[in-house]
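Q: here are the coordinates; sequence isn't available:
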């Protein structure tokens, strides 16, 4: 396992800027540190740490791509080449777990994803609930101090009914979704997200963090554990190399919108 001390570099990127295609420079199993303290990690292949996690990710990926799981179309940049139909991609997402209040939509209270109540989506939901536990086991194995810190932050700040696993509140599966540069300001500070990638016949979809000049690979079965609230970051364009190519991410994240009373 490689250790990478993250050192800030100068850049002019700001929130809202379009994320270009960037070749990844973090491609090996890596623990990320700042001032010698771990803040996250990247794994090239989760099957090396948990064969069960890899199996569950396969199931969740297949179910998400089926007609059994409700989806929302995402109108965000896919990175496809205009006019080239072979490079165009479908884009959609599915949320599980807790959804924060949305007063602007006349819903000033938190709720749970309706996907949990969909009979046809039961296999997907079960696979994701099992996958979050396997992901937490990997975190506990590789960075036990981060596991304990995040577990305590969730216990102190999030009511039990709003938790997804022990370390998170919510999950989103993003199919072919790239993202402009942004910061996850709704996350509980001190906690980190998990991003597990599933892909076939495509390039791109890498998480890039300009503060450190780091672009993390998004290999099939890879896992990124990183505090998304900490820095501006983006997801590079996803471009199929063959017709039907895609990149899907199974994401677990901790929102701060579900405090204890």
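A: Nice, I can see it. Please read these numbers as outputs of a predicted model, since none were measured by experiment. Numbering: from 1, shown residues only.
Q: I'd say residue 71 and residue 90 touch.
A: No: applying C-beta atoms under 8 Å as the test, residue 71 and residue 90 come out as separate, 9.4 Å apart. C-betas here are computed from N, CA, C, even on glycine.
Q: the more surrounded of these two?
A: Comparing residue 71 with residue 90 by neighbour count (other C-beta atoms under 10 Å), the higher total belongs to residue 71, at 17 against 13.
Q: in the sheet, who's paired with the nearest residue to that one once chain neighbours are set aside?
A: In space, and not counting its chain neighbours, residue 71 is closest to residue 92: 4.1 Å by C-beta to C-beta, 6 or more residues apart in numbering. Under DSSP bridges, the beta-bridge partners of residue 92 are residue 73, residue 175.
Q: ok, now residue 238?
A: residue 204.
Q: show me the contacts for the closest residue to residue 219 other than its chain neighbours.
A: Nearest residue to residue 219, sequence neighbours excluded (C-beta to C-beta, 6+ apart): residue 44, at 5.6 Å. Going by C-beta atoms under 8 Å, 6 or more residues apart in numbering, residue 44 touches 27-29, 217, 219, 222.
Q: cool, residue 220 as well?
A: 197-200.
Q: quick one: which of those sit in strands?
A: 197-200 (DSSP state E).
Q: which among those residues gets closest to residue 190?
A: residue 197 (24.5 Å; C-beta to C-beta).
Q: wait, that closest one touches residue 221, no?
A: Yes: judged on C-beta under 8 Å, residue 197 makes contact with residue 221 at a distance of 7.2 Å.
Q: gap between residue 235 and residue 186?
A: Computed as C-beta to C-beta, to the nearest Å, the residue 235 to residue 186 distance reads 17 Å.
Q: more crowded one of the two?
A: Between residue 235 and residue 186, counted using other C-beta under 10 Å, the more crowded position is residue 235 (25 against 14).
Q: quick check: that one touching residue 21?
A: No: the criterion here is C-beta under 8 Å, and residue 235 misses it with residue 21 at 10.8 Å.
Q: between residue 197 and residue 221, which one's more packed in?
A: residue 197 (25 against 19).
Q: neighbours around the residue nearest to residue 153 when sequence neighbours are not counted, how many?
A: Leaving out its chain neighbours, the residue that sits closest to residue 153 by C-beta to C-beta, 6+ apart is residue 190, at 5.1 Å. For residue 190, the neighbour count with other C-beta under 10 Å is 17.
Q: pLDDT at residue 243, what is it?
A: If you check residue 243, the pLDDT there is 86.
Q: helix, strand or coil: sort out it for me.
A: Assigned with DSSP: H, G, I helix; E, B strand; the rest coil, residue 243 falls in the coil class.
Q: got it, and residue 248?
A: Secondary structure of residue 248, per three-state DSSP, is strand.
Q: and residue 195, how many neighbours?
A: Residue 195: 25 neighbours (other C-beta under 10 Å).
Q: got a list of what residue 21 touches?
A: Contact analysis of residue 21 by C-beta under 8 Å, 6+ apart lists 79, 204, 236-237, 239.
Q: who's in contact with residue 196?
A: Counted by C-beta under 8 Å, 6+ apart, residue 196 has contacts 46, 53, 57, 131, 135, 221-223, 249-251.
Q: secondary structure for those - can I get that in TSV?
A: Listed next are these as TSV, based on three-state DSSP:
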residue	secondary structure
46	helix
53	helix
57	helix
131	helix
135	helix
221	coil
222	coil
223	strand
249	strand
250	strand
251	strand
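Q: out of the residues you listed, which are buried?
A: The neighbour count (16 or more other C-beta atoms under 10 Å) marks 46, 53, 57, 131, 135, 221-223, 249-251 as buried among the contacts of residue 196.
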